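Novice: kindly generate the corresponding structure for this input.
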Amino acid sequence: MRTVRMNDAWNLFRLHRPHERVEEILRRSGLYDVVCVGMMQYDRALVTTMVEHWRPETHCFHLPFGEVTITLQDVQVLFGLRIDGDAVYI
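Specialist: Numbers count the residues shown, from 1 in each chain. A predicted model of the protein is given here:
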């Protein structure tokens, strides 16, 4: 069995569009934008700073104004994911 690093998967997705049926399923399920998030540009300095403030003991970011964390609801809102409806079967 061969494992694929996520960077390889993103590069493959970016260079070769998925089969139209796969793309349609991803779009109908609301997951297409989540798949594409791996191709977004991001601020490396910001990510580095956040990593430096992460405390694995508490699963929180320790910032000057207190502790903060990210919840599943935050992820749902940020990615615009639906939390109701039918399960996706392929």
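Novice: any idea how far residue 47 is from residue 79?
Specialist: Distance of residue 79 to residue 47, given as CB to CB, to the nearest Å: 17 Å. C-betas here are computed from N, CA, C, even on glycine.
Novice: equivalent analysis for residue 28, please.
Specialist: Residue 28 is 31 Å from residue 47, where distance means CB to CB.
Novice: show me this structure divided up by domain.
Specialist: Dividing the chain into domains by automatic domain parsing, as the record does, gives the ranges 1-40, 42-84+86-90.
Novice: what's the most buried one of these?
Specialist: Sort the domains of the chain by mean neighbour count, taking mean count of other CB atoms under 10 Å, and domain 1-40 sits at the top with a mean of 11.
Novice: quick one: the strands in the protein?
Specialist: Residue ranges of the strands in the chain, as given by DSSP state E, are 54-55, 60-63, 66-68.
Novice: who touches the second one?
Specialist: For strand 60-63, the surrounding residues in contact (CB atoms under 8 Å, 6 or more residues apart in numbering) are 50, 53-55, 67-69.
Novice: swap the cut-off to 10 Å and go again
Specialist: 49-55, 66-70 (CB atoms under 10 Å, 6 or more residues apart in numbering).
Novice: reformat those residues into TSV and put pLDDT and distance to residue 85 next to each item.
Specialist: Formatted as TSV, those follow (pLDDT from 0 to 100; distance: CB to CB, whole Å):
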residue	pLDDT	distance to residue 85
49	93	37
50	91	32
51	93	34
52	95	39
53	96	36
54	95	33
55	95	36
66	95	36
67	96	34
68	95	30
69	94	27
70	92	23
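Novice: residues in contact with residue 79?
Specialist: For residue 79, the set of contacting residues under the criterion of CB under 10 Å, 6+ apart consists of 30-31, 33-34, 37.
Novice: please tell me how far residue 39 sits from residue 52.
Specialist: Summarising the geometry, the distance separating residue 39 from residue 52, computed by CB to CB, is 25 Å.
Novice: do residue 59 as well
Specialist: With distances defined as CB to CB, the gap from residue 59 to residue 52 amounts to 16 Å.
Novice: could you do residue 68 as well?
Specialist: 14 Å.
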